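K.L.:
Let me see the structure of the following:
(one chain, ligands or ions: 1)
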Amino acid sequence: MTAQRLVIVGSGPAGYTAAVYAARASLEPIVIAGSVTAGGELMNTTDVENFPGFPAGIQGPELMENMRQQAERFGATVIYDDVQELVLQPGAHKITTALGESYTAEAVILATGSAYRKLGLPNEDKLSGHGVSWCATCDGFFFKDKHIAVVGGGDSAMEEATFLTKFASKVSVIHRRQELRASQAMQDRAKADPKIEFILDSEISEIHGDDALTGVTVRNIVTGEESPLDVTGLFIAIGSDPRTELFADQLELRPDGYLKVDGRASLTNVEGVFAAGDLIDPVYRQAITAAGSGCSAAIDAEHYLSNR
Ligand code: NAP
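P.N.:
Below you'll find the predicted structure:
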């Protein structure tokens with residue numbers, strides 16, 4: 001068991017930005033980055049065009065690699081392991097990892113982000129990796145010249161659909177309402193793409209296939225009419241939920257499931273436990289706002305530690 005001043009759980013823009021600030025404040029933070037999720041959701045993104053400082057855009061994985069290097073340059077230690085258990089006890093919060101390491105920490109910053117939402121349909125899990133996917137950049141390549149469906153009407157769905165046109169012969173975006181939720185710029189880009197069709201006021205009612213996806217049934221929500229759609233790829237882009245399972249029974253959550261913090265600050269209801277990023281943000285959920293809240297959490301943690 002090693003005793004630390006600060007342990008940061010999570011390595012998206014929130015976790016790494018917290019690490020940069022905390023390391024520069026000489027707190028020598030440990031970042032438990034995740035074994036397969038290190039770098040967070042931006043690792044599954046291609047062009048990031050709205051992160052300030054990159055006028056020509058930057059690839060998501062490159063941005064995260066830069067953040068990691070920046071944190072390490074100032075003395076953060078990044079560990080590619082998963083937190084298995086967290087016992088929050090002021091003064092010495094206890095963290096145990098999947099590889100069997102144990103730490104105590106005077107302060108903890110939680111930046112565990114969010115997890116992709118599922119449709120909740122039979123066959124969805126079974127065919128995951130066999131036609132059903134949550135990551136176009138990871139799996140799009142497998143659908144060269146195929147007809148693909150994307151579910152969702154937000155920025156993620158537009159981004160996935162646009163990206164998938166590189167491979168697919170056709171992309172059908174299925175959205176449950178008439179209006180899209182996505183930003184105007186991303187809607188416009190998708191609507192201008194001749195390979196993308198929109199199936200609106202509709203949802204997927206069934207996912208078909210035994211070993212691999214063979215198609216879906218689409219139900220029009222207004223008329224109730226059902227029709228088959230012969231797709232071999234289904235990309236689900238219907239948002240995400242905060243990843244609170246490690247500490248949901250120890251920290252106060254909001255009614256919508258996000259972790260509750262004290263106003264604009266990052267303090268949770270347990271002394272010495274701070275939070276940042278998508279975990280506390282049901283509204284903005286951008287890389288830049290996550291990075292900003294990681295900065296706030298590190299400053300709050302530093303004030304807390306220097307007052308102890
Ligand atoms: P989102 O904005 O929450 O959109 C989720 C979409 O999925 C909505 O259109 C929603 O429909 C639909 N949906 C939710 N649950 C569903 C269900 N069970 N069945 C069918 N449809 C369902 O999520 P997101 O698109 O992942 O975006 C999350 C955040 O990341 C946003 O703030 C977004 O701006 C940001 N983002 C930004 C970029 C970028 O700027 N490059 C790229 C990706 C994401 P309704 O509209 O009817 O609610």
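K.L.:
S296 contacts G263, correct?
P.N.:
No. When contacts are counted by C-beta atoms under 8 Å, S296 is not listed as touching G263 (10.7 Å). In short, each C-beta sits where N, CA and C put it, glycine included.
K.L.:
Which of the two has more residues huddled nearby?
P.N.:
Taking other C-beta atoms under 10 Å, S296 and G263 do not tie; S296 has more neighbours (20 against 6).
K.L.:
Is the strand or helix carrying the more buried one positioned near the ligand?
P.N.:
Taking DSSP states H and E as the criterion, S296 maps to helix 287-307. No. Helix 287-307 does not reach the ligand (C-beta under 6 Å from any ligand atom); its nearest approach is 8.2 Å.
K.L.:
my read: Y80 touches A33, true?
P.N.:
Yes. Applying C-beta under 8 Å, one finds Y80 in contact with A33, separated by 5.5 Å.
K.L.:
Give me every residue in the stretch 1-150 of the chain lying close to the ligand.
P.N.:
For the stretch 1-150 of the chain, the residues in contact with the ligand (C-beta under 6 Å from any ligand atom) are N50, R117, L119.
K.L.:
What score does the first one have for pLDDT?
P.N.:
Meaning N50. Per-residue pLDDT puts N50 at 89.
K.L.:
now swap in the last one and tell me
P.N.:
At L119, the model reports a pLDDT of 98.
K.L.:
if I look at it, how far off is T223?
P.N.:
Distance of L119 to T223, given as C-beta to C-beta, to the nearest Å: 20 Å.
K.L.:
Quick check on these two: which one has the bigger neighbour count.
P.N.:
L119 (18 against 9).
K.L.:
What segments of the stretch 101-250 of the chain are strands?
P.N.:
Per DSSP state E, counting those that start in this stretch, the stretch 101-250 of the chain carries strands over the ranges 102-110, 114-116, 132-133, 147-151, 170-174, 196-199, 202-208, 215-220, 226-229, 233-236, 240-242.
K.L.:
Please work out which residue of the stretch 101-250 of the chain is closest to the ligand.
P.N.:
G154 (2.4 Å; C-beta to the nearest ligand atom).
K.L.:
Please look at that residue and R181 and confirm they touch.
P.N.:
Yes. Counting by C-beta under 8 Å, G154 touches R181, with 4.5 Å between them.
K.L.:
Quick one: name the residues of the stretch 151-300 of the chain near the ligand.
P.N.:
Listed as neighbours of the ligand in the stretch 151-300 of the chain under the rule C-beta under 6 Å from any ligand atom: 151-157, 159, 175-177, 181, 203, 237-240, 285-286.
K.L.:
Of those residues, which belong to helices?
P.N.:
The members of those that map onto helices under DSSP state H are D155, S156, A157, E159.
K.L.:
Let me see the domain layout of this protein.
P.N.:
Following the TED database, one gets these domains for the chain: 2-116+240-307, 132-236.
K.L.:
one step back: which one of Y80 and A33 is surrounded by more residues?
P.N.:
Using other C-beta under 10 Å, the more surrounded residue of Y80 and A33 is A33, with 26 against 14.
K.L.:
Please report how far the more buried one lies from the ligand.
P.N.:
According to C-beta to the nearest ligand atom, to the nearest Å, A33 and the ligand sit 21 Å apart.
K.L.:
Any regions of this protein where pLDDT drops low?
P.N.:
Low-confidence segments of the chain, defined by pLDDT under 70: none present.
K.L.:
repeat that for 90
P.N.:
For the chain, the stretches flagged by pLDDT under 90 are 1, 41, 44-50, 115-116, 129, 135, 137-139, 263-265, 282-286.
K.L.:
and F235, bridged to which residues?
P.N.:
Under DSSP bridges, the beta-bridge partners of F235 are S133, V150.
K.L.:
so what's it up against?
P.N.:
F235 makes contact with 133-136, 139-140, 148-151, 160-161, 164 under the criterion C-beta atoms under 8 Å, 6 or more residues apart in numbering.
K.L.:
just D125 next, same as before
P.N.:
Taking C-beta under 8 Å, 6+ apart, we find D125 in contact with K118.
K.L.:
With S202 instead?
P.N.:
Counting by C-beta under 8 Å, 6+ apart, S202 makes contact with I174, H175, R176, V218, R219, N220, I221.
K.L.:
count of neighbours near the fifth one?
P.N.:
Burial of R219, expressed as a neighbour count using other C-beta under 10 Å, amounts to 19.
K.L.:
Ok, the second one next?
P.N.:
A total of 22 residues lie near H175 under the criterion other C-beta under 10 Å.
K.L.:
Against A105, how distant is Q89?
P.N.:
For Q89 relative to A105 (C-beta to C-beta), the value is 10 Å.
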